[in-house]
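Participant: Attaching a predicted model along with its sequence, questions to come.
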Amino acid sequence: MAIMENQSSTNSMPEIKTNPQEVDELRDWKAEFQQLFNSAVTRYQSGFRVASQIFEENDAEFLASIGASPSEIYDFVEDWSEVGEPSIETILAITSVRYDYFVKEQQRMSSEFVQAPETFPAGTLDLGGFRWLPRIIAKARAKLKGELPPEIMFSCGTDRPFLKKVGIVPEDFLKTVWEAGPNDQAILARVEKAAKKVNQSVRKGE
């Protein structure tokens, strides 16, 4: 769910070239995903509170085909229904980054590994003075690989304020983590640069 958890610039992502067939495929899955999400929200608001009650077998098969899972999307359905965020546009953008990783890096082969909740860094740890950063980095890596346990959500009620504070949207943070690989310092540099811009805007009263 949506349970609130305890609390240098990098190069641009390599350009992903697509042919017309790939563009059509991307458009098709996004349309189907949005329809599925809307239906799931309707079921949630009707009183269903378990992923297995909201998503049918064919829904789960479709989600698996794009590198997603019912538990991940249920978390988004729940948060959107209860607090109005993340928006469907953000949810789709996050899912698109995961889809790209699933296709480009995993060749559409889902990982059979699920990271144990207790192995994620504590929310009290910091990196470069940014508390929560080690945890959200680990969550982003697991999200990219499709290895998040059901108990942990990327872009949860603590991730969102953290990312807003440092001026990075969730999907761009995922891209940064993807590009950086195991290099935490590259991620820190990106966060420092974005946070500096936010602070400069605040001082200017923008």
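Facilitator: Looks like it came in fine. As the structure is a prediction and not an experimental result, all values here were calculated from the model.

Participant: Could you list the low-confidence segments of this protein?
Facilitator: Confidence mapping of the chain against pLDDT under 70 gives the ranges 1-27, 205-206.

Participant: change it to 80
Facilitator: For the chain, the stretches with pLDDT under 80 are 1-27, 201-206.

Participant: how does it divide into domains?
Facilitator: According to automatic domain parsing, the chain comprises the domains 17-110, 112-206.

Participant: which residue ranges form the helices in this protein?
Facilitator: 20-45, 51-54, 57-65, 70-83, 88-104, 133-145, 159-166, 170-180, 184-204 (DSSP state H).

Participant: possible to save those helices as JSON lines with mean neighbour count?
Facilitator: The way it works is simple: take the backbone N, C-alpha and C, and place the C-beta from them, glycine included. JSON lines is the format used below for those (neighbours: other CB atoms under 10 Å):
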{"stretch": "helix 20-45", "mean neighbour count": "14"}
{"stretch": "helix 51-54", "mean neighbour count": "17"}
{"stretch": "helix 57-65", "mean neighbour count": "14"}
{"stretch": "helix 70-83", "mean neighbour count": "20"}
{"stretch": "helix 88-104", "mean neighbour count": "19"}
{"stretch": "helix 133-145", "mean neighbour count": "23"}
{"stretch": "helix 159-166", "mean neighbour count": "17"}
{"stretch": "helix 170-180", "mean neighbour count": "21"}
{"stretch": "helix 184-204", "mean neighbour count": "15"}
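
Participant: Quick one: neighbours of V50, just the number.
Facilitator: 10 (other CB atoms under 10 Å).
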